[in-house]
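**Q** just to be clear, the model below is a prediction. Sequence and coordinates:
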Amino acid sequence: MKRLQLDHRRIAVAVTSLVVSMAAVVVLSGQDDPLVKSEPLPDVIARTQKEKPSFAKRQQDLLDARYDLSNRPAAGVTMTRGKAVQDGVRVKLPANTTWLQLAAMSPEEMKSKNAWPAGFLPLPHPHHEAGGMIFPKLLIDETTRQTGRDLTRFDLDFDLPDHLIPEFPAAVFLVTRPDLGDVSKGELITLDNFERLFKETLNPKQLEGLRLLLTPFPQQQFNVTEDRRSVKAHQGVACFDCHANGHTNAATHTVGDIRPNAFRHRIDTPSLRGVGVQRLFGSQRALKSIEDFTEFEQRAAYFDGDHTRAARKGVNPLERGSQVQFMGEFQNILDFPPAPKLNVFGRVDPALSAEAERRGEALFFGKAQCATCHPAPYYTDNLMHNLRTERFFATVTVNGRTAAADGPIKTFPLRGIKDSPPYLHDDRLLTLDDTVEFFNLVLGLKLLQEEKRDLVMFLRAL
């Protein structure tokens, strides 16, 4: 009898535990699970579209306050396919301050006087609280025209003007066939045209890898669940939606590895040109090969670093030995654009370069200390460095983004850099001129005005 009573007690405890567990599941699925929407999708669309103009104005006001956004092309300087490179420093200085005065201040003095230019603070996502992938209209329109797949978000639009982002569509150069020049023939590569453009140029593995890079997979904002930001159920996002033509179109997102949300970095989409010489990948810089990046980025960045959402929204696991390897093989043959003024060591050829470019090179490898992190021939050391920009300003939250310590950031290759505006890991530097001014302050270089200009001329020749 005692044994029977004990068994009954065990059963009662087990049932109670099961009821509690089921209750927890109900609470989780009904309240805390972001995929179970308490607000119907039509209501979300109506609400966010009503809010959209105010957030767009907030971001535009911020950009106007920080930068000169005008279209000021540099004379005689273009990207590979002819788009004008923008000229001049665009970051606005604090009132009654000059660059010379700033360069004479210590970090502590700049911080105490609140003199650090606002344009050198981290740049928020177009709607930082909402976050997520957002694409320039040029990419949206051409993708829709070719494939019928619409990458428009109903809640927000991309924020930077077209003249301040890379040319579109970008040229494509292959390590395996440098004799062909731009193999894109001026087209945006999509599932609609890739075979026609590449069937005579790539081997079967590379062609299949390219197909997969152009294939949309479910993503946080673009999927078939009601927790999305597309009006209609969506196929998803392809690798080459951000890395258009194996380059970049300045599409942006927020990193998945940082919480709380206010501290998450806006992501600058890096170019995949020359990716075969790089050794650190992904928004978290935790991926050590192009194959790791290809396999795991969609599981992390695609779903804001939340594997539970990835599972619910339809993550597409890739097979390492065939699909991932094929995708990696194609990415590894994407080349940097030609640099006719450079010799085989990646240095300027005295016979082909201007005097200002040669002076800029001497500064790059000397006084400006750029080559410490960006050595020739590809101008990257494949490492990460902490610039400690928090020395210059007090922590502040602007448009939902808390500007504090950036932490270590990846050294990006500078080959072909004029084709890849805007700059730094979060797009805060709109031109190469801005970049030189930024590092002049961060590194305490005290460059003269003509030295800054010579450095820009050298960077444009890479």
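**A** Yes, it's here. Numbers count the residues shown, from 1 in each chain.
**Q** please enumerate the helices of the stretch 351-462 of the chain.
**A** Assigned helices in the stretch 351-462 of the chain, in chain order: 355-364, 432-442, 449-461 (criterion: DSSP state H, counting those that start in this stretch).
**Q** could I have the longest one exported to PDB, CA atoms only?
**A** Pointing back at helix 449-461 there. Extracted C-alpha coordinates of helix 449-461, given in PDB (Å, rounded to 0.1, in the frame of the first residue of the first chain):
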ATOM      1  CA  GLN A 449      46.300  70.300 -45.500                       C
ATOM      2  CA  GLU A 450      48.300  69.500 -48.600                       C
ATOM      3  CA  GLU A 451      49.400  66.200 -47.000                       C
ATOM      4  CA  LYS A 452      45.800  65.200 -46.500                       C
ATOM      5  CA  ARG A 453      45.000  66.000 -50.100                       C
ATOM      6  CA  ASP A 454      48.000  63.900 -51.300                       C
ATOM      7  CA  LEU A 455      46.900  61.000 -49.300                       C
ATOM      8  CA  VAL A 456      43.400  61.100 -50.900                       C
ATOM      9  CA  MET A 457      45.000  61.200 -54.300                       C
ATOM     10  CA  PHE A 458      47.000  58.100 -53.500                       C
ATOM     11  CA  LEU A 459      44.000  56.200 -52.100                       C
ATOM     12  CA  ARG A 460      42.100  57.000 -55.300                       C
ATOM     13  CA  ALA A 461      44.900  55.300 -57.300                       C
END
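**Q** if you count contacts, what does it end up packed against?
**A** Using 3 or more CB pairs under 8 Å, 6 or more residues apart in numbering; DSSP states H and E, the elements in contact with helix 449-461 are helix 355-364, helix 432-442. For every residue, glycine as well, the C-beta is placed using N, CA and C.
**Q** can you rerun that using 10 Å?
**A** In this structure, helix 449-461 makes packing contacts with strand 73-78, helix 99-104, helix 355-364, helix 432-442, judged by 3 or more CB pairs under 10 Å, 6 or more residues apart in numbering; DSSP states H and E.
**Q** winner for burial among the ones you listed?
**A** Each of the helices and strands packed on helix 449-461 was scored by mean neighbour count; the highest is helix 432-442, a mean of 22, by mean count of other CB atoms under 10 Å.
**Q** quick check: angle from that one to helix 449-461?
**A** Counting by axes from the mean of the first three to the mean of the last three CA atoms, to 10 degrees, helix 432-442 lies at 130 degrees to helix 449-461.
**Q** centre of the chain to helix 432-442, how far?
**A** Chain-centre distance of helix 432-442: 20 Å, with CA atoms, centre = their mean, to the nearest Å.
**Q** and stretch 395-412, by the same measure?
**A** Relative to the mean C-alpha coordinate of its chain, stretch 395-412 is positioned 14 Å out (CA atoms, centre = their mean).
**Q** mean pLDDT for the helices and strands packed on helix 449-461 - can I get that in CSV?
**A** Written out in CSV, the entries for those read as follows (pLDDT from 0 to 100):
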stretch, mean pLDDT
strand 73-78, 97
helix 99-104, 98
helix 355-364, 98
helix 432-442, 98
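**Q** so which of these gets nearest residue 126?
**A** Counting by CB to CB, residue 126 lies closest to helix 432-442 out of the helices and strands packed on helix 449-461; the figure is 19.5 Å.
**Q** using CSV, lay out the helices of the stretch 351-462 of the chain together with distance to residue 98.
**A** Listed next are the helices of the stretch 351-462 of the chain as CSV, based on distance: least, CB to CB, whole Å:
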stretch, distance to residue 98
helix 355-364, 21
helix 432-442, 11
helix 449-461, 10
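**Q** sorry, back to before: now distance to residue 339 too, for the helices and strands packed on helix 449-461, in TSV please.
**A** Conversion of the helices and strands packed on helix 449-461 to TSV gives the following (distance: least, CB to CB, whole Å):
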stretch	distance to residue 339
strand 73-78	13
helix 99-104	29
helix 355-364	11
helix 432-442	15
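**Q** ok, then the element right after the helix or strand residue 195 falls within?
**A** The secondary structure element spanning residue 195 is helix 194-198 (assigned by DSSP states H and E). Moving toward the C-terminus from helix 194-198, the first helix or strand encountered (DSSP H and E) is helix 204-213.
**Q** returning to that earlier point: go through the helices of the stretch 351-462 of the chain and name the closest to residue 83.
**A** helix 449-461 (13.4 Å).
**Q** so which of the helices and strands packed on helix 449-461 comes closest to residue 254?
**A** Comparing the helices and strands packed on helix 449-461 by their distance to residue 254 (CB to CB), the top pick is helix 432-442, with 21.5 Å.
**Q** ok, back up a step: what is the helix holding residue 195 packed up against?
**A** When contacts are defined as 3+ CB pairs under 10 Å, 6+ apart, helix 194-198 packs onto helix 204-213.
**Q** ok, and what's touching the helix it packs on?
**A** Helix 204-213 is contacted from outside by 174, 176, 189, 191, 194-195, 197-199, 201-203, 238-241, 243, 246, 272, 294, 316, 318, 322-333, using CB atoms under 10 Å, 6 or more residues apart in numbering.
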